[in-house]
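In: A structural model of the following input is requested.
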Amino acid sequence: YLTADIPFAESETRGTDIPSAITSMIASTVEAMYALSEENRFLEVTYANGDKEVLYFKDFSSGAMIESVVRRAKKLALKRYIGRGEKGIMADDLLTAVREEFKENEDLPNTTNPDDWAKIAGKKGERIVYVKPLMGETKEKLRSVERVVNTGQYI
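Out: Residues are numbered from 1 along each chain as shown. Model (predicted):
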């Protein structure tokens, strides 16, 4: 979906040719999409036999998702061009688009049958009995009780 006929930011092509810039941008985007990082954790599923498994966004990626990431990046580049006059797609546009795409897909567990998408993702044949969304979990949400401020006593 990234081709040489698309305008690329000068900062991406400085010191290299367009095909090399495209290869580099694709590599960094794929690395961001498929990393087994905390921010890419999507769901924790519990199977009928009690096993638990963390699924990542990469487990649900598709050609349509990749196309959508590139489309979003193009849109971000166009908005930047209109707003600031900076022309062309940047690697940061693709990385931002990945985050936006993942955010948009966070409601997947609520709209489809978990057993169906687990099979599509190539996961266990065991029946899923519980799904816990992990998207958006932050350390701030998981604060310890010790951080609660004591407001004093009332008589």
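In: top helix in the protein by residue count?
Out: helix 63-84 (DSSP state H).
In: contact partners of the helix or strand following that helix?
Out: Next in sequence after helix 63-84, counting helices and strands by DSSP states H and E, comes helix 91-104. Under the criterion C-beta atoms under 8 Å, 6 or more residues apart in numbering, residues 12, 24-25, 28-29, 32-33, 39-40, 42, 57, 65, 68-74, 76-77, 80, 135 lie in contact with helix 91-104. For every residue, glycine as well, the C-beta is placed using N, CA and C.
In: so, low pLDDT: which residues of this structure?
Out: Scanning the chain for pLDDT under 70 picks out 108-112, 114-124, 136-155.
In: mind doing that once more with 90?
Out: 42-51, 53, 55, 59-62, 85-86, 103-155 (pLDDT under 90).
In: where exactly do the helices run in it?
Out: 10-13, 18-34, 63-84, 91-104, 108-111, 114-120.
In: quick one: which of those is nearest Ala48?
Out: Comparison of the helices of the chain against Ala48 by C-beta to C-beta identifies helix 114-120 as nearest, at 10.3 Å.
In: center of the protein - which residue?
Out: The centre of the chain sits closest to Phe102, judged by C-alpha atoms, centre = their mean, with a distance of 3.5 Å.
In: look up how far Asp59 lies from that residue.
Out: 12 Å (C-beta to C-beta, to the nearest Å).
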